[in-house]
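Q: pasting a predicted model and its sequence here:
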Amino acid sequence: QVQLVESGGGLVQPGGSLRLSCSASAFTLSTYTMSWYRQAPGKERELVAIINSGWGRTTYADSMKGRCTISRDNAKNTVYLQMNSLKPEDTAVYLCNARSRWYEYWGQGTQVTVAS
């Protein structure tokens, strides 16, 4: 069964860090473009970071540039999002997306709350 499962969210103080994980089942995520999105209450879903298949070129949203790093561990079939210097406005559900020429999959999301 094809599945994306996110983990690593939680409550963190402003200025703190979190590492989110997205583990894939039943497909090889290195052959997919993998992305992290986020959605805050009452707001549209926003792209945070992308890592392309193959060479793994990365792209970041301006709102997170310099504060996060997307990476991929092919052996573990897992994508990560390391987030640093977190701000209250980063509070959202973070979702993992896998996209190829033919298929697209979404995870259920993991909640990140930045508050003191």
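A: Ah, there it is.

Q: could you pull out the strands for the protein?
A: In the chain, the segments counted as strands under DSSP state E are 3-7, 10-12, 18-25, 33-39, 46-51, 58-60, 68-73, 78-83, 92-99, 104-106, 110-114.

Q: tell me how far the nearest residue to residue 94 once chain neighbours are set aside lies from residue 81.
A: Nearest residue to residue 94, sequence neighbours excluded (C-beta to C-beta, 6 or more residues apart in numbering): residue 38, at 4.9 Å. In short, each C-beta sits where N, CA and C put it, glycine included. Residue 38 sits 10 Å away from residue 81, going by C-beta to C-beta, to the nearest Å.

Q: again with residue 116
A: Distance from residue 116 to residue 81, counting by C-beta to C-beta: 22 Å.

Q: for the residue nearest the centre of the chain, what are its contacts?
A: Here the mean C-alpha position of the chain is nearest to the C-alpha of residue 36 (C-alpha atoms, centre = their mean), at a distance of 3.0 Å. Listed by C-beta atoms under 8 Å, 6 or more residues apart in numbering, the contact set of residue 36 reads 20, 22, 47-49, 70, 79, 81, 94-97.

Q: compare residue 116 and residue 81 (neighbour count), which wins?
A: In this view residue 116 and residue 81 are compared by other C-beta atoms under 10 Å, and residue 81 has more residues nearby, 27 against 8.

Q: can you put the strands of the chain in CSV and add mean pLDDT?
A: Compiled in CSV, these are given as follows (pLDDT from 0 to 100):
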stretch, mean pLDDT
strand 3-7, 96
strand 10-12, 98
strand 18-25, 97
strand 33-39, 98
strand 46-51, 98
strand 58-60, 96
strand 68-73, 97
strand 78-83, 98
strand 92-99, 98
strand 104-106, 97
strand 110-114, 98
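
Q: re earlier: filter the contacts of residue 36 down to the buried ones.
A: If you count burial by 16 or more other C-beta atoms under 10 Å, the buried members of the contacts of residue 36 come out as 20, 22, 48-49, 70, 79, 81, 94-97.

Q: hey, what's in contact with both of residue 38 and residue 81?
A: Overlap of the contact sets of residue 38 and residue 81 (by C-beta under 8 Å, 6+ apart) consists of 48, 94.
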